[in-house]
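In: Kindly generate the corresponding structure for this input.
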Amino acid sequence: MWNMMETQGVSSIIFDLDNTLVDTAGAGRIAIQKVCELLKSTHVQESHIKDICDHFLQKLLHESFDPSEGKTIDDLRIRHWYEALRETQGTDPDPALASSCYYTWKNTRLQVLSLSPEVRSLLEELRKNYKLLLLTNGDTQTQWEKIEAVRCEGLFSLMVVGGDHPEQKPACSIFTRCFESAGVRPQDCIMVGDSLSTDIQGGINAGVRATVWINSHCKSLPQGSVTPDYTVPSVLNLRDVLLELS
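Out: Numbering: from 1, shown residues only. A predicted model of the protein is given here:
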């Protein structure tokens, strides 16, 4: 059991969710494997399957979702699979197959996604001394489904999903919303996340005490990138950072 006096000057920790607290990328790879298995059981040529999944992932990566258009994120992502099937095979696919691909991918990803026992233990320990905030970018429905799936609600004093607000990280407005709702000052907080462009840049813009980059693949900082105050391979190394800040 790890015990520590509250670090002077740091009273709150803001966490990103995806690929910071939970392995969304790993869950996504398993979900794609399940779709591959599904497609192998259909009339789809086996030689096309990898390309279909790659097309879907590219569409997901460059996705632009506007809820005011009257469609749901589910509708949009079923469309991604429909287009991936059509582009790869050259013919209009069965819409039911696109829907099956999507729900296989979505449901598998949510089932696999979890807070590891070690990360849950860390958060439970930290919340005794710090106000923990969750700040995650993404579509409202998608992110709240993930939060529900990993059962982390009780660990945070405040949870903010970017899709619920006019601007997402790295915009200052969503950080200000966090500070005001949680009753903390920027200089009392550290920002912990895996994205240099949203988490680290956003934390710096917002004036937090320190930024902590989760660099799980030990990548070097890209040329011209923002520079985090601390870099660690896992959120489990956060204790070391807090000791340095004390």
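
In: all contacts plus neighbour counts: C-alpha atoms, from now on.
Out: Fine.

In: A strand includes residue 191, no?
Out: Yes. Under DSSP: H, G, I helix; E, B strand; the rest coil, residue 191 falls within a strand.

In: Check the spacing between it and residue 222 real quick.
Out: When distance is defined by C-alpha to C-alpha, to the nearest Å, residue 191 is 20 Å away from residue 222.

In: which of these two has more neighbours?
Out: The neighbour count for residue 191 versus residue 222, taken as other C-alpha atoms under 10 Å, is higher for residue 191 (28 against 9).

In: burial measure for residue 103, as a count.
Out: Around residue 103 sit 17 other residues, with neighbours defined as other C-alpha under 10 Å.

In: where's it, which helix or strand?
Out: Using DSSP states H and E, residue 103 sits within helix 95-112.

In: Quick one: list the elements packing against that helix.
Out: helix 24-40, helix 73-89, helix 140-150 (3 or more C-alpha pairs under 8 Å, 6 or more residues apart in numbering; DSSP states H and E).

In: Centre of the chain to the helix or strand of the chain with the lowest mean pLDDT, how far?
Out: When the helices and strands of the chain are scored by mean pLDDT, DSSP states H and E, helix 238-245 comes last with a mean of 94. When distances are taken as C-alpha atoms, centre = their mean, to the nearest Å, helix 238-245 is centred 23 Å away from the chain's centroid.

In: Ok, stretch 102-114 next?
Out: That offset, for stretch 102-114, works out to 14 Å (C-alpha atoms, centre = their mean).

In: quick one: contacts for the closest residue to residue 175 other than its chain neighbours?
Out: In space, not counting the residues next to it along the chain, residue 175 is nearest to residue 206; the distance is 6.4 Å by C-alpha to C-alpha, 6 or more residues apart in numbering. When the contact criterion is C-alpha atoms under 8 Å, 6 or more residues apart in numbering, the partners of residue 206 are 172, 175-176, 186.

In: Residue 206 and residue 197: what is the separation?
Out: Using C-alpha to C-alpha, which is the criterion applied here, residue 206 is 13 Å from residue 197.

In: and the contacts of residue 206 as a markdown table, adding secondary structure?
Out: Listed next are the contacts of residue 206 as a markdown table, based on three-state DSSP:
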| residue | secondary structure |
| --- | --- |
| 172 | helix |
| 175 | helix |
| 176 | helix |
| 186 | helix |
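
In: Out of those, grab the one that's most surrounded.
Out: Neighbour-wise, these (other C-alpha under 10 Å) top out at residue 175, 24 neighbours.

In: how close does the residue nearest to residue 229 when sequence neighbours are not counted sit to residue 150?
Out: Distance criterion C-alpha to C-alpha, 6+ apart; nearest residue to residue 229, sequence neighbours excluded, is residue 211 at 5.2 Å. Summarising the geometry, the distance separating residue 211 from residue 150, computed by C-alpha to C-alpha, is 25 Å.

In: Look at the two and report which has more neighbours.
Out: Neighbour comparison, residue 211 and residue 150: the larger count goes to residue 211, with 26 against 18 (by other C-alpha under 10 Å).

In: wouldn't the more buried one be in contact with residue 204 here?
Out: Yes. Counting by C-alpha atoms under 8 Å, residue 211 does reach residue 204; the two are 7.1 Å apart.

In: one step back: which members of the contacts of residue 206 are the farthest-apart pair?
Out: Put simply, by C-alpha to C-alpha the two of those set farthest apart are 172 and 186, 10.8 Å from each other.

In: burial count for the closest residue to residue 25 other than its chain neighbours?
Out: With sequence-adjacent residues excluded and distances taken as C-alpha to C-alpha, 6+ apart, residue 25 is closest to residue 19, at 6.6 Å. One way to gauge burial is a neighbour count; for residue 19, by other C-alpha under 10 Å, it gives 18.
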